[in-house]
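Enquirer: Take this sequence and fold it.
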Amino acid sequence: MLAMMKVDMADEKFEAMLFKYQFDHKLKEIMNGVTTLIDASEEVQKSVRLRKLMAMILMLGNRINTGGTGNMAHGFTLDALLKLDEVSPLCL
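Expert: All right, here's what the predicted structure looks like:
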């Protein structure tokens, strides 16, 4: 213990050694998460059912906002999705 007290910047050196020891394990954990996120993003992009659902939501929003006539929107914001629960009773 006395010898360790004489080492310059012992805390920093110990932290660096610990970081180096844990680096590969932590990198693998992060890469697994990134791979999962990439796979999920690709599934969302390829989803035909999601595309149809979004088209139906756009059509519903256009019908509510314009009565089915006039300028139709070409998209909607994500916060517009939060308003769907207000609309659903009207559709029944």
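Enquirer: measure M59 to D85 for me?
Expert: 18 Å (C-beta to C-beta, to the nearest Å). Using the backbone N, CA and C atoms, a C-beta is placed for each residue, glycine as well.
Enquirer: quick one: which of those two has more around it?
Expert: Neighbours were counted for M59 and for D85 using other C-beta atoms under 10 Å; M59 has more, 13 against 8.
Enquirer: Assign that one to helix, strand or coil.
Expert: helix (DSSP: H, G, I helix; E, B strand; the rest coil).
Enquirer: for D8, phi and psi?
Expert: phi -70, psi 140 (degrees, to the nearest 10).
Enquirer: can you list the weak-confidence ranges in this protein?
Expert: Low-confidence segments of the chain (pLDDT under 70): 1-5, 68-71, 87-92.
Enquirer: Taking the centroid of it, which residue is nearest it?
Expert: L37 (7.6 Å; C-alpha atoms, centre = their mean).
Enquirer: elements contacting the helix or strand hosting D24?
Expert: Using DSSP states H and E, D24 sits within helix 10-46. Contact partners of helix 10-46 among helices and strands, from 3 or more C-beta pairs under 8 Å, 6 or more residues apart in numbering; DSSP states H and E: none.
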